[in-house]
Structures are given as C-alpha cells and as structure tokens.
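Visitor: pasting the structure only:
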C-alpha cells in the first residue's frame, strides 16, 4: 500500500515474506521489517489510544525513543513496535491506555553477568568509530545497540557529506555506515543489537541491559555513552495526531524500510535536516507541499534549499504550523505567519491539504543514563539542551564515563565520528597506552570541522560545558 | 489557540492547558510539576515532554531553563518487564 517500488539511489533488500496476526487479521510482512513498519506499510495509522483523553496515536519517532508506537505483543503491553523485528505468528494488538497486565505468567531466565573492559552504549557513527579505534589498539569493546541494526542514523542518510575527507566528505552517509559496520565485523567486535541499556546503577557501577527477555548486568571498567539524540516535539494543536512524524522518522520509513510516510507532506523547519529530508521525500515519490520555518531566514545550507526550489517546493519563512486537523490521521494542516518576536500575526492562517506533517525542529541529546550515573549536567541552548559537563578529551565528571556524538551536544555525523575516535583515544590513554599524538590530531580535525559558520554556535556551547 | 488540544506529555496525556493551570496553582519547578501531573513518568520516561515542559515553565515564569530545575532520572529509561528483577519462581523450582 505504502511500499516504494523504485528509488533513484536505494535498492531495498526486504527479505522473504512472513505472516503475523494483528487483532486476528493476517498481516504479511517482510523479514527485514519491524512490526510498526509492517503495519504502517499495510495502511495502519492508529497504533494505540491514549490513556486519559482517548486520543488516537500513531508512530512518531520510529527509532525507539518515544512511546507512540507501543502496542501489545504476544500479550505483553508497552512494547516499542518500531524497533521490534517481525516474527512468524506474532500476535499484535492495539493498546488502549497504559495497557493491561500481561496475560499469563512469563518466566525470565536469571540475569547474566558480563565483565568488560570497555562498554559502548550506542552503535551509531560515534559508537562505531570508537569501537574500531579500540579494536585496532588491542581492546575489544562491547557495543550495545537498541535498534535491530548497527549504524544509528547514518544508515538512512542518502545524501553526500561535507567536511573533511577522513570522515567521508563527498560520500553518502549510507556508504560510510556500511564501511564502518563491515570493519566492526572484520575486527570481530562483540555487539549486542536489539538491546536496551535501561539503567545505570552508580552504587555498583553496573549497566542494566535488556535483550529479548534476558537481563544482562554489565560491569565495565570504562563506559562510553554514544546514545545520540531524540526528536524535538513542538507544541501545536493536534501535535499527537497520527501522520505527525519526526522528520527522522519519515527518513527511517522511506530510506531504511522503503515505505512512503504519506502522500503530501508539510515540512516544519528549514534547517539542514528539514531541507535534506524534503528532498529525500521527493526522491521517494512523495509530494512536498512546502517547508515552513519559524525564523525569518532559512537555517540550512543554500545548496539544499536551491535543490528543493528547483522542484518548485516553496520554503516559507516567518511561518509555523498552528494546527493539525483530522479524525484518525492528518487530513489538513493550518499554518500561520509570525512577526519578528515569533508571535502569531492575526488572520494570517492558511489551510493546507496534506496528510503528513514532518517536524524537523531539532533534536535533544539523550542524556538520561548519564544523569542516572550521576554525571553533572549543564544546559546549553547551543548544544540543544542538557549535556554532561566534560573535559576536552570527552571525560564526564565521572572518571570512567566518557561521551561522544549527539549526546554531548547535537552536531553532525562527521563530528560524531571524530568525537568517537577522541573518546576512544582518551580512554586508551587512561588505560596506560600512549595515544597523545592521536588525541592531538583528532582534536585538531574537530577544530577544523567546527571552523565554519555552523561551528560558531557549537564552540560557544562547548565553552559553557567544558572544564579544565 | 486551544491549549487543551496541545499535547505535551503523550504517555500521561498532559496538555498545555494542564501545565499552565498547574503553574497558576503554584507548581513552579520541574520536580513539583512532575509529581503533580505525572509528566515524564510514563513508558518513555520524559524524552519528549520534559524538555518541552522546561521551556514552557521558563517562559511562563520569565526565567531561564536552568532556573526551573531538573527532574531526577531513575531506571528504567525504556520499557522492560519487571519480571526480570525477580529471583525466580520457587514453585517450579526455577
């Protein structure tokens, strides 16, 4: 129904077909799909009904960070279906409210204890580049990833990267991810995918991990948190209506799973993410009605905006979304003009016929586990929210806890790759290896990447959160 | 603007109207708001609503985000079955 049949860049290896049950109906799914994707591809919009106001809810973030796609699976409520791979014969139901207790008694095996030297939480660009540095220096780290596959958000970046050659400038993100994943395999780095690191217990220095009914207690000498970021929601009427997606979710659907998020899209936010994903929507055969941006000017690079304009997609500044309208799915969206103080201009509303609203209104660093660990935090709007205070080598206020990538402040994949390397060299140094040269070199490369106009903001932010 | 139709916390169904009302009632720091409205206590553990509420509260009180306080983060940060913490089922000798 919503399957992308042909794509100018991507070829989808969907795997064989299997069947599972959705409320007694047979649903056919591809082996490579997650439950939410199979249901969405088959036309389902409403995944659950909210607890108190009984509002319809659909998928929102599609990377296991929010709660919008939670359903009852094999009798267990509150299962994040967007990151749950399909299995033959699964029983899936919509969830009403916070969910009923599981039907029947579920037995869990006793916890497994793991002793590690280095544990990396997050298998995206930062985590994988760190893992590779460790392995090349004789230390096998454990990589924990919540999603079914490694690569983080890089596996859906079909555009070519800017920046320095070492971090893959001129190469498509998907290709960079592929190369990194291959290297991780070749170096035989142990990885746990589909594994949620759900808690850090500072009293014992233990990380709690849950993988397919198994509780794993990880005790590690060093921890590197590369947990990335989550989509930022904005307040507007009907902001929880199915069909309102984080822009990253739209990208996951179309570029990983080959599914069209909708037929006609309103993109909110004209930063690089909004512009790039709008273009990728066009490539996936989706109509983009327009891009609205609350600020008086386009935030992203000129080239990305120009590409969109060539396709006749309007980019409207000083404008935002006011309301999403629809019964069980977006049917219309109302946009409104803003004055220079971001106040709505009366009677400037316009109604657009769209079935999808994508929010590219920024990301928030995923710092919860670090807060649990007791790392000191500081708020920096330049880095997109609360981030851990750290030294120049990415060590937090806890001696054995390091950070890299978006969790340390939202930037780009290229800086995440470098931060991953820097954190790895810093930990290796703590372990007694001489990595001073590599640390200096990586820091210089980071400085180079941040020397452009987009780095100004980041450098300001770093001044607020770096100690030493 | 209809604040009752703007969802801030999806898990616990808290609207912008609820938050503004609570602030008027005197819940003027993040921890109190969390306890009063249950924001951030649902299955997603505040990944969407906490940053949003911080901004709303700061704007309403004309303070900076850092001055409205933070909430304590506790495990689990993602949904897991609590059964995994049990020692085992004695009846079945497991």
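Guide: Cool, the structure landed. It should be emphasised that the depicted structure is a prediction, and the values quoted were computed from it without experimental measurement.

Visitor: give me the number of residues near residue A:420?
Guide: Other residues near residue A:420 number 31, with proximity taken as other C-beta atoms under 10 Å in any protein chain shown. For glycine as for every other residue, the C-beta is placed from the backbone atoms N, C-alpha and C.

Visitor: ditto for residue A:74
Guide: Neighbours around residue A:74, by other C-beta under 10 Å: 17.

Visitor: What number of residues are in the vicinity of the spatially closest residue to it that is not a sequence neighbour?
Guide: Among residues not flanking residue A:74 along the chain, residue A:91 sits closest, at 5.3 Å (C-beta to C-beta, 6 or more residues apart in numbering or on different chains). Applying other C-beta under 10 Å, we find 14 residues neighbouring residue A:91.

Visitor: what's the spacing between the closest residue to chain B within the stretch 151-300 of chain A and residue A:114?
Guide: Closest contact between the stretch 151-300 of chain A and chain B, by C-beta to the nearest C-beta, is at residue A:199 (2.4 Å). As for residue A:199, its distance to residue A:114 is 15 Å (criterion: C-beta to C-beta, to the nearest Å).

Visitor: More neighbours: which of the two?
Guide: residue A:199 (21 against 17).

Visitor: Regarding that one, what is its secondary structure?
Guide: strand (DSSP: H, G, I helix; E, B strand; the rest coil).

Visitor: buried residues in the helix or strand containing residue A:134?
Guide: Assigned by DSSP states H and E, residue A:134 falls within helix A:125-136. Residues of helix A:125-136 classed as buried: A:125, A:126, A:127, A:128, A:129, A:130, A:131, A:132, A:133, A:134, A:135 (neighbour count, 16 or more other C-beta atoms under 10 Å in any protein chain shown).

Visitor: Quick check: beta-bridge partners of residue A:288?
Guide: residue A:265 (DSSP bridges).

Visitor: Tell me, what's the model's pLDDT at the residue of the stretch 151-300 of chain A closest to chain B?
Guide: As predicted, residue A:199 sits at a pLDDT of 97.

Visitor: where along chain B do the strands fall?
Guide: Listed in chain order, the strands of chain B (DSSP state E) span B:7-9, B:14-15.

Visitor: hmm, who's touching the last one?
Guide: In this case it means strand B:14-15. Applying C-beta atoms under 8 Å, 6 or more residues apart in numbering or on different chains, the set of residues contacting strand B:14-15 from outside is A:53, B:3, B:4, B:5, B:6, B:7, B:8, B:37, B:38, B:39, B:49.

Visitor: Relative to residue B:66, how far out is the second one?
Guide: Okay, so that is residue B:3. 25 Å.

Visitor: what angle separates the biggest strand by length in chain A from helix A:125-136?
Guide: Secondary structure of chain A per DSSP E: the longest strand is strand A:214-225. Per axes from the mean of the first three to the mean of the last three C-alpha atoms, to 10 degrees, the angle that strand A:214-225 makes with helix A:125-136 is 90 degrees.

Visitor: quick one: low-confidence ranges for chain B?
Guide: B:88-94 (pLDDT under 70).

Visitor: ok now do whatever residue of it ends up closest to chain A, which residues does it touch?
Guide: Nearest residue of chain B to chain A: residue B:75, at 2.4 Å (C-beta to the nearest C-beta). Taking C-beta under 8 Å, 6+ apart, we find residue B:75 in contact with A:198, A:199, A:200, A:201, A:208, A:372.

Visitor: Out of the contacts of strand B:14-15, which is nearest to residue A:36?
Guide: residue B:7 (19.5 Å; C-beta to C-beta).

Visitor: any idea how far the nearest residue to that closest one once chain neighbours are set aside is from residue A:397?
Guide: Excluding its sequence neighbours, the residue lying closest to residue B:7 (C-beta to C-beta, 6+ apart) is residue A:240, at 4.1 Å. From residue A:240 across to residue A:397, the span is 36 Å (C-beta to C-beta).

Visitor: Compare these two and say which one has the larger neighbour count.
Guide: More crowded of residue A:240 and residue A:397, by other C-beta under 10 Å: residue A:240, with 25 against 16.

Visitor: Model confidence score at the more buried one, please.
Guide: The model's pLDDT for residue A:240 equals 96.

Visitor: do residue A:112 as well
Guide: 96.

Visitor: Look up which residues are beta-bridged to the nearest residue to it once chain neighbours are set aside.
Guide: Sequence neighbours aside, residue A:216 is the residue nearest to residue A:112 in space, at 5.0 Å (criterion: C-beta to C-beta, 6+ apart). Following DSSP bridges, residue A:216 is listed with bridge partners residue A:112, residue A:209.

Visitor: mind listing what residue A:216 touches?
Guide: Taking C-beta under 8 Å, 6+ apart as the test, what residue A:216 contacts is A:111, A:112, A:113, A:114, A:192, A:195, A:208, A:209, A:210.

Visitor: count of neighbours near the third one?
Guide: For residue A:113, the count of nearby residues is 11 (other C-beta under 10 Å).

Visitor: Excluding chain neighbours, give the residue nearest to it in space.
Guide: Residue A:113's closest residue in space is residue A:217 (C-beta to C-beta, 6+ apart), at 5.0 Å.
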